[in-house]
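K.L.:
coords please:
(4 chains)
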Number of protein chains: 2
Amino acid sequence: MKKMNEAITLEFEELNSELVDVFNNVMWIEEAALKQSDFSDITLKDMHTIDAISMYSEKSASQVAKMIHLTPSAMTTAIDKLVDKGYVERRRSNTDRRVVRLGLTHKGRVVYRAHQGFHRDLAHNLLKDMQPTEIAAVKRAIHNLVCYLANVIKQ
Amino acid sequence: MKKMNEAITLEFEELNSELVDVFNNVMWIEEAALKQSDFSDITLKDMHTIDAISMYSEKSASQVAKMIHLTPSAMTTAIDKLVDKGYVERRRSNTDRRVVRLGLTHKGRVVYRAHQGFHRDLAHNLLKDMQPTEIAAVKRAIHNLVCYLANVIKQ
DNA sequence: AAAATTAGTTTGACTATCGAAATAAATCGT
DNA sequence: ACGATTTATTTCGATAGTCAAACTAATTTT
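P.N.:
From the prediction side, this is the model:
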């Protein structure tokens, strides 16, 4: 174990604890915000499904399932619900009639944009009142994290 | 709508998308890591319960329930499971025999420390190869986020 | 000491999820 | 071109997590 400067250790623990705080709370806050919104009939998980389907490229049901780590069967029922509620459309592919192409309805696109807005607010508030050099540092840190997580996945 | 420098806008979108990536993946990675570990009999939610109970202060069941946004009834069944599996202990308080004080068993403390280690790794990798001034910037950014989220909760 | 409050548990209904089997369409080997 | 295999999705049955409401027991208020 490396001997560390005490002040730095303390700094680190403070950061760590705030980081834990963010991770533990973001999901819950997002869920709660959704419940109070005009789209209270969907959960955050539904929202992530909608996000994975997203605006433009038409993905197949199993592609979306993989993206959000759901089994195909769970995907089917999730889509059923979102189709019933009018957020998502199922279209059988013309070139391969086994695959189901998923797309957002108008309502789906509205809620997708609203959710993107939420994330944009998060990012804006992360960078609140920061200088370009500081912003660069933050960006690098987030990138570090993304790379680290990507590595963890690979193993 | 404010007119923005295009390069800065692009920078921002890149950061935003990585941020979304982190939020979407951390939970899943944590869950997967847990499944492959020696503690595959608990879920990430169980882990958060254990984390809320934590090492030292003896909290009541309802205090823990509030911390992790669970109803008392859900808390009861969650604790039942963790008691069965040997991670948590229930003790009726002596001063007020309605309240249940929760504590970690030896096994519970081991898994708690392991989980803390996971979070510490995250924080270390966030700050990988960064200078003190950069670290300060990152810290301020995370703090911004914590404050923003705290405000969202209040409304 | 009766009524109200508080902490936690039990019960019943509902939802999400998974894995296995079923279905249906495409492709491969001959 | 035909049957066998593979692929994409769905259906079904089982399990687990959640909530709200009813309930029990302990404590506090009046």
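K.L.:
so where is chain A shaky, pLDDT-wise?
P.N.:
Across chain A, residues meeting the criterion (pLDDT under 70) sit at A:1-4.
K.L.:
Go ahead and flag the most central residue of it.
P.N.:
In chain A, the residue lying closest to the centroid (C-alpha atoms, centre = their mean) is A:His48, at 5.8 Å.
K.L.:
and the nearest residue to A:Arg120 once chain neighbours are set aside, what does it touch?
P.N.:
Excluding the flanking residues, the one nearest A:Arg120 by C-beta to C-beta, 6 or more residues apart in numbering or on different chains is B:Asn16, at 6.0 Å. C-beta: built from backbone N, CA, C; applies to glycine. B:Asn16 makes contact with A:His119, A:Arg120, A:Ala123 under the criterion C-beta atoms under 8 Å, 6 or more residues apart in numbering or on different chains.
K.L.:
And the strand or helix carrying B:Asn16, how far out from the chain middle?
P.N.:
When elements are assigned from DSSP states H and E, B:Asn16 belongs to helix B:6-36. Centre-to-centre, helix B:6-36 and its host chain are 16 Å apart (C-alpha atoms, centre = their mean, to the nearest Å).
K.L.:
Run the contact check for the helix or strand following it versus DNA strand D.
P.N.:
Per DSSP H and E, the first helix or strand lying C-terminal to helix B:6-36 is helix B:44-53. Yes: part of helix B:44-53 sits near DNA strand D under the criterion C-beta under 7 Å from any atom of the strand, namely B:Lys45, B:Asp46.
K.L.:
Just say helix, strand or coil for A:Asn70.
P.N.:
One thing to correct before we go on: residue A:70 is Leu, not Asn. At A:Leu70 the chain is in coil, as set by DSSP: H, G, I helix; E, B strand; the rest coil.
K.L.:
about what we covered before: is there proximity between the helix holding B:Asn16 and DNA strand D?
P.N.:
No: using C-beta under 7 Å from any atom of the strand, helix B:6-36 stays clear of DNA strand D, with a minimum separation of 11.9 Å.
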